[in-house]
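Engineer: Sequence isn't available, so here's the structure alone:
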């Protein structure tokens, strides 16, 4: 893409990333992505310069690949931009930091409509702005499929980072943001259900609760993580790093299991039944309440909501938006320390959690 | 790559990225990439935390793609790691900043030997260490070809960033680091010449003069850039951003045009002539001294050395390693301001520079 094309839009014909050329593309993308108030140097120089008033910078990178993390037939370019930004920004919030800036490296096929690239930039910029950040730097290249690498930067505002290893027995466990909505949305997309668009949107455009991260840090959160792999798996990372056991109480999850997830489970299952896809095994050996089991699977093991999970001292007064869902206990004797053993370090109502199989219907 | 494999090396059979699994891969990569003294949180949490004592952070991202920026048949995994790190780290130095940290996002084919991934990590770590930085964060995914996205962070050590727009008429122009070596190395590789390995190495593993950046900033450099697109092109970016004209004096380049570049031009041209590749046009209309023209092309238009070019006040005493190669003048009337007009804003001995064609032989 080293070719400098004509000024974008001059030709009046449908333009592609390739026909616009690298420099034209960079100018057009940069125009859609403001650097924000924290940047003293933004896109256009060798590097960006971003304020780091705390004397340290929080940084995370995430890769979003076409065919692995999204399909162009399901996700609009704007969706891809929002999702790519949200994944990295949630990692900043999960340290208790305030996002300040994004750097974005994109590889795009030359045949891609130029408007797709612009909409991608708009999605990145919109999610950055929602988090209070700007887009300060980037790189472009051509490739056979879309690659988006987003680096997010943040500032701790004078606080210590909230790491994974600080949970202590006696702490309470809480979450901020939705759980299972992304998984439900994926199930609806897979089943071809067109209702419940807000769940589909939650899958295509996750909306992490960025402010909840620094608020948790100020309240004394002892450990925190963003829920990208699923609640049980991600609390497992905290349990392993902290050398503790975590128990989730399903009674505390009850308010999350009704509308809209219950409706989604019914709709997705109904679509499959109508197609005759319910297998003999599922009919014979399935759970007694398949809808509820499916919803519980989504909430406990569905990833990509990019909500936040944290532990707090028992006396902590939780900030708005945080919901208690469990407690931290001492590690089972001989089980602390390794990632493999951490598989058993998170329990649900005191028992290891195994996926019911309802969820598997939608894979 | 979400599968957790056995402990790396346990099986005794040749392992691949896919057989090792994501978590095994991340652990093995992290073990090869120390976080360095600037990081209080490195790989293994949601984000890294890196010191930013100046109260701001300098940041740049670069994408390195298999088939675009390297070939696995020419570059070893370690070469790719060095090159990917060097590209981003040079952008930090070109602002006058000291590199502090890298974040690395890699996508790898599952069929790739696991040792390739480890050697990539070693290359990234080695170049980071040469720049005084560590590797503090990353992300991994699987893809059909290798993708490496490197974000570099740096600190200004209390100085102001040296931008592209600060050159003033009367300033001198200087460079630090090699020019044309990467282009010569590429020509040798293309021609199949196996001598002059140090030039081939310069192409495969650029070695930017990181310290020269902060030293130039302390000496009062008014504008700076890293030479990634070629000297004339990159000085053109400074000329455009500063609204000035820049003239390069070939007499000042003379010491750069002898060994080893002259020898490389002869060797590469000799290999082509032996193959009968010299075209009738080149034989009839070529320059009178094709070797010298080729070398001049490499020095003036060859990219990817990632050396530094800067402007200084005329009274500045240049730090070690910097060589004066030209001067800044006022913009030609009516020519300042736009990128397109900047094409003519850099002259060589007072004339616009056109590639001799010697260089084109090796494309």
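Structural biologist: Yes, it's here. The model shown is predicted, which means the values in this text are computed figures rather than measured ones.
Engineer: contacts and neighbour counts: CA atoms only from here.
Structural biologist: Noted.
Engineer: Show the average pLDDT along stretch A:54-66.
Structural biologist: For stretch A:54-66, mean pLDDT rounds to 97.
Engineer: buried set for it?
Structural biologist: In terms of neighbour count (16 or more other Cα atoms under 10 Å in any protein chain shown), stretch A:54-66 has its buried residues at A:54-66.
Engineer: Just put those residues in JSON lines and tack on distance to chain B.
Structural biologist: Output for the buried residues of stretch A:54-66, formatted as JSON lines (distance: Cα to the nearest Cα, whole Å):
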{"residue": "A:54", "distance to chain B": "7"}
{"residue": "A:55", "distance to chain B": "5"}
{"residue": "A:56", "distance to chain B": "4"}
{"residue": "A:57", "distance to chain B": "5"}
{"residue": "A:58", "distance to chain B": "4"}
{"residue": "A:59", "distance to chain B": "5"}
{"residue": "A:60", "distance to chain B": "5"}
{"residue": "A:61", "distance to chain B": "6"}
{"residue": "A:62", "distance to chain B": "6"}
{"residue": "A:63", "distance to chain B": "6"}
{"residue": "A:64", "distance to chain B": "9"}
{"residue": "A:65", "distance to chain B": "8"}
{"residue": "A:66", "distance to chain B": "9"}
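Engineer: Restricted to strands, list these.
Structural biologist: Counted as lying in strands by DSSP state E, out of these, are A:56-65.
Engineer: Please, where are all the strands along chain A?
Structural biologist: Along chain A, counting by DSSP E, strands occupy A:39-41, A:48-51, A:56-65, A:98-108, A:134-142, A:147-155, A:172-176, A:223-227, A:244-248, A:307-312, A:322-330, A:346-348.
Engineer: most packed of the ones you listed?
Structural biologist: Greatest average neighbour count among those goes to strand A:223-227 (a mean of 31), per mean count of other Cα atoms under 10 Å in any protein chain shown.
Engineer: avg pLDDT for stretch A:20-34?
Structural biologist: 90.
Engineer: quick one: is that stretch near chain B?
Structural biologist: No - Stretch A:20-34 lies out of reach of chain B by Cα under 8 Å from any Cα of the partner chain, never closer than 9.5 Å.
Engineer: now stretch A:169-176
Structural biologist: No - Stretch A:169-176 lies apart from chain B when judged by Cα under 8 Å from any Cα; the minimum separation is 15.9 Å.
Engineer: ok, back up a step: want to try JSON lines for the ones in strands among the buried residues of stretch A:54-66, with distance to residue A:125 as columns?
Structural biologist: Below are these laid out as JSON lines (distance: Cα to Cα, whole Å):
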{"residue": "A:56", "distance to residue A:125": "24"}
{"residue": "A:57", "distance to residue A:125": "21"}
{"residue": "A:58", "distance to residue A:125": "19"}
{"residue": "A:59", "distance to residue A:125": "18"}
{"residue": "A:60", "distance to residue A:125": "17"}
{"residue": "A:61", "distance to residue A:125": "16"}
{"residue": "A:62", "distance to residue A:125": "16"}
{"residue": "A:63", "distance to residue A:125": "17"}
{"residue": "A:64", "distance to residue A:125": "16"}
{"residue": "A:65", "distance to residue A:125": "19"}
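Engineer: Tell me which residue in the stretch 201-350 of chain A sits closest to chain B.
Structural biologist: Nearest residue of the stretch 201-350 of chain A to chain B: residue A:225, at 6.5 Å (Cα to the nearest Cα).
Engineer: so that residue sits right up against residue A:310, yeah?
Structural biologist: Yes - look at residue A:225 against residue A:310 with Cα atoms under 8 Å: they come within range, at 6.4 Å.
Engineer: the helices in the stretch 1-150 of chain A, which residues?
Structural biologist: Ranges of helices in the stretch 1-150 of chain A, per DSSP state H, counting those that start in this stretch, are A:17-20, A:22-32, A:77-93, A:114-130.
Engineer: For residue B:329, find the nearest of those.
Structural biologist: Taking Cα to Cα, helix A:22-32 is the member of those nearest to residue B:329, at 25.8 Å.
Engineer: In contact with residue A:99, which residues are there?
Structural biologist: A:89, A:92-93, A:131-133, A:152-155 (Cα atoms under 8 Å, 6 or more residues apart in numbering or on different chains).
Engineer: before we move on, back to that, what does the model give the residue of the stretch 201-350 of chain A closest to chain B for pLDDT?
Structural biologist: For residue A:225, the pLDDT comes out at 98.
Engineer: Then residue A:13?
Structural biologist: pLDDT at residue A:13 comes out at 60.
Engineer: likewise residue A:289?
Structural biologist: Looking at residue A:289, its pLDDT is 74.
Engineer: burial of it, as a residue count?
Structural biologist: Residue A:289: 9 surrounding residues under other Cα atoms under 10 Å in any protein chain shown.
Engineer: Could you do the one 4 residues further on as well?
Structural biologist: For residue A:293, the tally of surrounding residues (other Cα under 10 Å) stands at 21.
Engineer: now do residue A:53
Structural biologist: A total of 18 residues lie near residue A:53 under the criterion other Cα under 10 Å.
Engineer: With residue A:156 as the reference, measure out to it.
Structural biologist: Here the criterion is Cα to Cα, to the nearest Å. By it, residue A:53 lies 9 Å from residue A:156.
Engineer: among the contacts of residue A:99, which are in reach of chain B?
Structural biologist: residue A:92.
Engineer: What is the nearest of the contacts of residue A:99 to chain B?
Structural biologist: If you rank the contacts of residue A:99 by distance to chain B using Cα to the nearest Cα, residue A:92 comes first, at 6.1 Å.
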